[in-house]
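**Q** got a sequence here, can you build the structure:
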Amino acid sequence: MDWLEIIIHCQNIPSDLVSDCLMALGSNGVAIQDIEDYLKLPSAFGVFKSDDVLEKYGDSPIVKGYFSAETNQAALKESVVEKLQALDPAWSSQGLSINRLEDQSWASNWQDYYQPIQVNHWLSIIPVWEKDSQEADSNAIYLDPGMAFGTGDHPTTQLAIHLMGLVLQKGDRVIDVGTGSGILAITAKRLGAQSVAAYDYDESIIETAKANINLNAGMDQVTVQSNDKLNGIHDQVDVITANILADILLPLVPQAYDNLKDNGSFILSGIYYTEVDKLKDALIANDFYLPWIMRAGDWFGILAKKGREHRDKNSL
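**A** Here you go, the predicted structure:
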């Protein structure tokens, strides 16, 4: 399958917001190329830096989005320009270009920028094409993300993983909403989950998530299905994770409450700083209390627990 690759020079708009705009318009995947993000990664936990990778970055941030080749290019350009100029009226459409790209070319382009990542002291995320060059590690997660969101290098993914490490217990039953590449579902199993039910609305991503799960040993009792949020799901699990946009998290809040055990954990990430108060208010209004709120740059992750009667003085 061929793709339209839209390339945007961010100018004065944060690359994360440009990425969100493309995803809202239906992009099947995004790639952010910002040398500042790369350079700011801490040496202890982050991408293993190399001169070869540094040479691939330009002088200014670039965001690339990928749409079906059947997409109307003129309409796509008009929609992107409208969204970006709403964020910055001075943004110029000269910073936008669209190319037709063969499927295999996209995959090769992705691999140029996706490097092994050390998320914390126990978890590393390794692209499958780097597997043979890395030392064997039982805690490593191997991924071939394709066009699915979730490679481990984005702050929202790392926030979700850190919050999972705080609460997930061996034997827990877990639901992962908007699983994307499957990275949080795989992490949950690595942390000792008994079972993980992963859902994603985009049926084209389901096969990517299943393939990634199969790349990793010990992934029995991890399932992936197509579903819109938790519509039609009736369960009682210990932990629900969701690393998706705030507009999708808001209607998910009452659904998560209904599918959690008493005092169960709801981990939300993908929350831009302008949306965090809205999410906190919605969670509290739906009988959650908030023992942990984490921030990484402009992004927030929230750990919410079901049942405000369990709240202590250190929780919202």
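
**Q** longest helix of this structure?
**A** Ranked by residue count under DSSP state H, the longest helix found in the chain is helix 73-87.

**Q** just the buried residues of that helix, please?
**A** 76, 79, 80, 81, 83, 84 (16 or more other CB atoms under 10 Å). Bear in mind the C-beta positions are built from the backbone N, C-alpha and C, glycine included.

**Q** what's the following helix or strand after that helix?
**A** Following helix 73-87 in sequence order, the next helix or strand is strand 96-101 (DSSP states H and E).

**Q** need the contact partners of that next one.
**A** Outside strand 96-101, the residues that touch it by CB atoms under 8 Å, 6 or more residues apart in numbering are 2-9, 66, 69, 73, 76-77, 80-81, 109.

**Q** stretch 245-264 now?
**A** Residues from elsewhere that reach stretch 245-264 (CB under 8 Å, 6+ apart): 20, 23-24, 175, 177-178, 229-231, 233-240, 242, 244, 266, 268, 270-272, 275, 278-279, 282-283, 286-288, 305-307, 310.

**Q** tell me the buried residues within the residues you listed.
**A** The neighbour-count test (16+ other CB under 10 Å) applied to the contacts of stretch 245-264 identifies 20, 23, 175, 177-178, 229-230, 233, 237-240, 242, 244, 266, 268, 270-272, 275, 279, 282-283, 286, 288, 305-306 as buried.

**Q** tell me where this protein has helices.
**A** Using DSSP H, the helices assigned to the chain run over residues 15-24, 35-40, 51-54, 73-87, 103-113, 155-167, 183-190, 203-215, 246-258, 276-285.

**Q** wait, which of the ones you listed is closest to residue 62?
**A** Among the helices of the chain, helix 15-24 comes nearest to residue 62, with 7.9 Å by CB to CB.

**Q** so the closest one versus helix 73-87, what angle?
**A** In terms of direction (axes from the mean of the first three to the mean of the last three CA atoms, to 10 degrees), helix 15-24 departs from helix 73-87 by 140 degrees.

**Q** helices or strands up against helix 15-24?
**A** Judged by 3 or more CB pairs under 8 Å, 6 or more residues apart in numbering; DSSP states H and E, the packing partners of helix 15-24 are strand 3-9, strand 30-33, strand 62-68, helix 73-87, strand 260-272.

**Q** switch the cut-off to 7 Å
**A** Under the contact definition 3 or more CB pairs under 7 Å, 6 or more residues apart in numbering; DSSP states H and E, helix 15-24 sits against strand 30-33, strand 62-68, helix 73-87.

**Q** which neighbours in the sheet does the second one have, and how are they oriented?
**A** Right, strand 62-68. Strands that pair with strand 62-68, judged by DSSP bridges, come out as strand 3-9 (antiparallel), strand 30-33 (antiparallel).

**Q** lowest average pLDDT across those?
**A** Here the strands paired with strand 62-68 differ in mean pLDDT, and the lowest is strand 30-33 at a mean of 75.

**Q** now that strand, how far from the chain's geometric center?
**A** Here the centre of strand 30-33 is set off from its chain's centre by 13 Å, with CA atoms, centre = their mean, to the nearest Å.

**Q** ok, now stretch 76-87?
**A** For stretch 76-87, the distance to the chain centre is 23 Å (CA atoms, centre = their mean).

**Q** other residues contacting it?
**A** For stretch 76-87, contacts defined as CB atoms under 7 Å, 6 or more residues apart in numbering pick out 6, 13, 17, 18, 21, 25, 67, 91, 93, 96, 98.

**Q** same check on stretch 156-175?
**A** Contact with stretch 156-175 is made by 119-120, 123, 150, 152, 183-184, 187-188, 191-197, 235, 237-241, 243, 259, 265, 267, 269-270, 292, 294, 296, 299, 301, 303, as judged by CB under 7 Å, 6+ apart.

**Q** grab the nearest non-local neighbour of residue 10.
**A** residue 61 (4.3 Å; CB to CB, 6 or more residues apart in numbering).

**Q** wait, isn't that neighbour in contact with residue 11?
**A** No. In this structure, residue 61 is not within contact of residue 11 by CB atoms under 7 Å, at 8.7 Å.

**Q** and those two? which has more neighbours close in?
**A** In this view residue 61 and residue 11 are compared by other CB atoms under 10 Å, and residue 61 has more residues nearby, 21 against 15.

**Q** rewinding a little: which of the contacts of stretch 156-175 count as buried?
**A** The neighbour count (16+ other CB under 10 Å) marks 119, 123, 150, 152, 183-184, 187-188, 191, 193, 195-197, 237-241, 243, 259, 265, 267, 269-270, 292, 294, 299, 301, 303 as buried among the contacts of stretch 156-175.

**Q** follow-up on the earlier one: can you read off the pLDDT for the residue nearest to residue 10?
**A** At residue 61, the predicted lDDT confidence score is 81.

**Q** equivalent analysis for the one 4 residues further on, please.
**A** For residue 65, the pLDDT comes out at 82.
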